[in-house]
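Student: Here is my input, please return the structure:
(chains A and B, ligands or ions: 2)
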Protein chains: 2
Amino acid sequence: MTPDRYRTIRRVLDRRQPDLTLITDEVHKGRNLSALVRTCDAVGIDTIHCVIPKAGYRPYRGTALGSHKWVHTALHEQVDAPVAQLREQGFTIVAAHLSPRARDYRDLDYTRPTALLLGTEKCGVSAAALAAADREVVIPMMGMVASYNVSVAAAIILAEVQRQRQSAGLYDRCRLPEATYRQRLFQWCQP
Amino acid sequence: MTPDRYRTIRRVLDRRQPDLTLITDEVHKGRNLSALVRTCDAVGIDTIHCVIPKAGYRPYRGTALGSHKWVHTALHEQVDAPVAQLREQGFTIVAAHLSPRARDYRDLDYTRPTALLLGTEKCGVSAAALAAADREVVIPMMGMVASYNVSVAAAIILAEVQRQRQSAGLYDRCRLPEATYRQRLFQWCQP
Ligand SMILES: C[S@@+](CC[C@H](N)C(=O)[O-])C[C@H]1O[C@@H](n2cnc3c(N)ncnc32)[C@H](O)[C@@H]1O
Ligand SMILES: C[S@@+](CC[C@H](N)C(=O)[O-])C[C@H]1O[C@@H](n2cnc3c(N)ncnc32)[C@H](O)[C@@H]1O
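Tutor: Numbers count the residues shown, from 1 in each chain, chains lettered A, B, ... in the order given. Ligands and ions are numbered 1, 2, ... in the order given. Coordinates of the predicted model:
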């Protein structure tokens, strides 16, 4: 490992946001999950939660998810578990959802602990997940196609989250708990 | 065609932005082009310009590009042609590019005629295209991976463009030239 590489790793860990996460509610296309993970890394997310249906895409577990060294992925069989766990930790569950009830995604305060919940490619956020969510947000659509690709929708919302957190100085001081920091540093420095 | 469908088509045409476009500089993956077109539709872009290398992805011409009914695609063999054409029409050419010279993408005024230029998956914006660009913008990156997926980068910047144009009321009045409007209306109403 070069000193430069080590400095990059430290700088990225210094900006990780332990109070920001994503929950994917049965998103199942490998390339969407890959794009999501890449975007999460870019905005400083340390851990994401993926609800994975029992059948459907076993083959992707190893490739799209497992290969992502920089973002820790917690797998769940149902959406209730991560929602309950995150709520107990004080997170607000924000569902990205195309409904008349949803507010413009720019109107929320994302500097507080936030879990962004995304739905499947075909059917969107499940009824169970919607019932569990604290807020619903929507990205305004001006065109013929009714929705964004899920990884695109996530990126648009997370760019707003990043903007708010940057203004609030949340990337300017180290925020990971010390034990997590040391564990990630060890993992990331492995070849 | 149901009256509802006809109303939707009219409403979308009423919001199209003739002074907003995208130039893809040799983006060649079919799924990236598809995602780009879907995002362009969502922010009200009428026409995009794709620079397509001679070799490489003929097979996609028919599928990813041709199947997109809602966004007109102009194909070019080199980047000079669309740049010259758009500049003559008064467009500012804004290259999305990861360089130290680039400004934060949120600092530009996108209510003026804007062509957003995106680079290839591997090598980014070509030297020729950079030389021709008026501005360079970058999306801040906080993670280990050095760049966003090209369709994700475009969506993040276009969401900012859409926000600015929405505040400026540019979606509140019909802006397509009458001849284009009538042509699109005719095409879109075909089964
Ligand atoms: C392709 S969309 C699902 C479309 C589905 N037919 C529906 O109506 O929910 C996949 C996911 O992307 C997110 N998404 C897509 N477009 C969105 C938008 N305009 N606003 C908020 N979330 C969006 C949502 O989380 C959605 O569940
Ligand atoms: C995968 S990137 C190309 C990476 C290439 N290695 C480079 O350094 O340019 C593909 C395109 O997405 C856009 N892009 C990706 N991340 C970006 C960012 N953070 N800021 C601005 N544009 C970005 C640029 O147009 C880029 O040419």
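Student: which helices and strands sit right next to the helix or strand hosting A:Arg182?
Tutor: Using DSSP states H and E, A:Arg182 maps to helix A:178-189. Under the contact criterion of 3 or more CB pairs under 8 Å, 6 or more residues apart in numbering or on different chains; DSSP states H and E, helix A:178-189 touches helix A:3-15. In this view, the C-beta of every residue, glycine as well, is placed from N, C-alpha and C.
Student: Quick check: buried residues in the helix it packs on?
Tutor: Buried positions in helix A:3-15, judged by neighbour count with 16 or more other CB atoms under 10 Å in any protein chain shown: A:Ile9, A:Val12, A:Leu13, A:Asp14, A:Arg15.
Student: Format the residues you listed as CSV; extra columns: pLDDT.
Tutor: Listed next are the buried residues of helix A:3-15 as CSV, based on pLDDT from 0 to 100:
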residue, pLDDT
A:Ile9, 96
A:Val12, 97
A:Leu13, 98
A:Asp14, 98
A:Arg15, 98
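Student: And for the helix holding A:Arg182, what's in contact with it?
Tutor: A:1, A:6, A:9-10, A:13, A:16, A:18, A:46, A:69-70, A:174, A:176, B:144 (CB atoms under 8 Å, 6 or more residues apart in numbering or on different chains).
Student: With respect to pLDDT, which of those residues ranks lowest?
Tutor: Ranked by pLDDT, the contacts of helix A:178-189 bottom out at A:Met1 (86).
Student: Now for it: which residues touch it?
Tutor: A:Cys189, A:Pro191.
Student: Now do it against A:Met144, distance only.
Tutor: Counting by CB to CB, to the nearest Å, the gap from A:Met1 to A:Met144 is 50 Å.
Student: Helix or strand, whichever it is, which one in chain A has the lowest mean pLDDT?
Tutor: One helix or strand of chain A scores below all others by mean pLDDT, DSSP states H and E: helix A:58-60, with a mean of 45.
Student: helix or strand right after that one?
Tutor: Counting by DSSP H and E, the next helix or strand C-terminal to helix A:58-60 is strand A:72-76.
Student: chain center to that following strand: distance?
Tutor: Strand A:72-76 has its C-alpha centroid displaced from the chain centroid by 11 Å (CA atoms, centre = their mean, to the nearest Å).
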